[in-house]
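[1] Curious how this folds, go ahead:
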Amino acid sequence: MRIIGLTGGIGSGKSTVAKMFKELGVPVYNSDERAKKLMVSSKTARKKISELLGEEAYSNKKLNRSYIAKKVFRDAELLKKLNEIVHPLVRKSFKSWARRQKFCYLIQEAAIIFENENQDFYDKIILVSAPEEIRIDRILERDGSSRERILERMGNQWPDSKKIPLSDFVINNENLDETRLKVKEIHSLLLDNN
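    Residues are numbered from 1 along each chain as shown. You can find the predicted model right below:
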C-alpha cells in the first residue's frame with residue numbers, strides 16, 4: 001500500500017481536495033484534526049503542552065486554540081517545540097490507522113510536510129496550491145481571523161514556489177470543476193501505477 005502526502009498552505013483547499021479523494025473511495029487521514037484530538041486525549045501531551053505554553057492552553061478540558069495560535073504563530077521556536085510534542089503522536093496514530101486500511105493507496109493530509117522534512121516518508125506528494133489573495137479570502141470567510149494573524153500563520157509555512165519542485169503532483173485549486181478533474185486524473189495515475 002502506498003502512502004501519498006497531501007499538503008498545501010493554509011487556505012489552499014487541502015480539505016476540499018481530500019474530500020474529493022474520499023468520494024473516490026480513497027482512505028484519507030487528516031493530520032491536523034487528529035493532532036487537535038490527541039492534544040486533548042493524550043495525558044502526556046496535555047502535561048507537556050501546559051508546561052510549554054501555560055495552563056491557559058486548555059479551558060474546561062478543551063484545547064484553547066486561539067490562545068495557542070496567538071502564542072506559537074508569533075514565535076517560531078515555540079511552534080517548533082509544540083510540533084516536537086504533537087508530531088510523534090500523530091505519526092504513531094497515522095501508522096496504526098494505515099495498517100487497518102485496505103485500499104491500494106491512502107492519503108495523509110498534512111500542512112507542513114516539507115517544513116518538517118517529512119517528504120521521504122511518502123511514496124508521492126500532492127501539493128494543493130492557490131494564489132495568496134484567494135487563500136487569505138478563504139480563511140477570512142472560514143474563521144473570521146484577522147489578515148495580520150493569517151499572514152503570521154502563512155509566514156510559518158513555505159511558499160508554493162519552494163514546494164512545487166519537490167512535489168509529484170500540483171493541483172491549482174482556484175476552480176472547483178478543474179480541481180475535481182485534476183483529482184480524478186491523479187487518482188487514475190495512482191491506480192495505474194500499482
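
[2] what ranges do the strands span in the chain?
    Using DSSP state E, the strands of the chain run over 2-7, 28-30, 58-59, 62-63, 105-109, 124-129, 169-172.

[3] Save those strands as JSON lines, and put in mean pLDDT, distance to residue 48 and mean neighbour count too.
    Quick note: C-beta positions are derived from backbone N, CA and C, even for glycine. Below are the strands of the chain laid out as JSON lines (pLDDT from 0 to 100; distance: least, C-beta to C-beta, whole Å; neighbours: other C-beta atoms under 10 Å):
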{"stretch": "strand 2-7", "mean pLDDT": "97", "distance to residue 48": "25", "mean neighbour count": "22"}
{"stretch": "strand 28-30", "mean pLDDT": "97", "distance to residue 48": "22", "mean neighbour count": "18"}
{"stretch": "strand 58-59", "mean pLDDT": "92", "distance to residue 48": "12", "mean neighbour count": "15"}
{"stretch": "strand 62-63", "mean pLDDT": "92", "distance to residue 48": "14", "mean neighbour count": "14"}
{"stretch": "strand 105-109", "mean pLDDT": "97", "distance to residue 48": "23", "mean neighbour count": "23"}
{"stretch": "strand 124-129", "mean pLDDT": "98", "distance to residue 48": "29", "mean neighbour count": "24"}
{"stretch": "strand 169-172", "mean pLDDT": "98", "distance to residue 48": "35", "mean neighbour count": "20"}
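
[4] Let me know which of those strands is the nearest to residue 156.
    strand 2-7 (13.8 Å; C-beta to C-beta).

[5] Lowest-scoring secondary structure element of this structure by mean pLDDT?
    Using mean pLDDT, DSSP states H and E, helix 147-155 stands out as the lowest-scoring helix or strand of the chain, at a mean of 86.

[6] Show me what that one is packed against.
    With contacts defined as 3 or more C-beta pairs under 8 Å, 6 or more residues apart in numbering; DSSP states H and E, the packing partners of helix 147-155 are helix 65-72, helix 132-143.

[7] returning to what we had before: now render the strands of the chain as JSON lines, adding distance to residue 71.
    Shown next, in JSON lines, are the strands of the chain (distance: least, C-beta to C-beta, whole Å):
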{"stretch": "strand 2-7", "distance to residue 71": "24"}
{"stretch": "strand 28-30", "distance to residue 71": "23"}
{"stretch": "strand 58-59", "distance to residue 71": "13"}
{"stretch": "strand 62-63", "distance to residue 71": "12"}
{"stretch": "strand 105-109", "distance to residue 71": "24"}
{"stretch": "strand 124-129", "distance to residue 71": "27"}
{"stretch": "strand 169-172", "distance to residue 71": "32"}
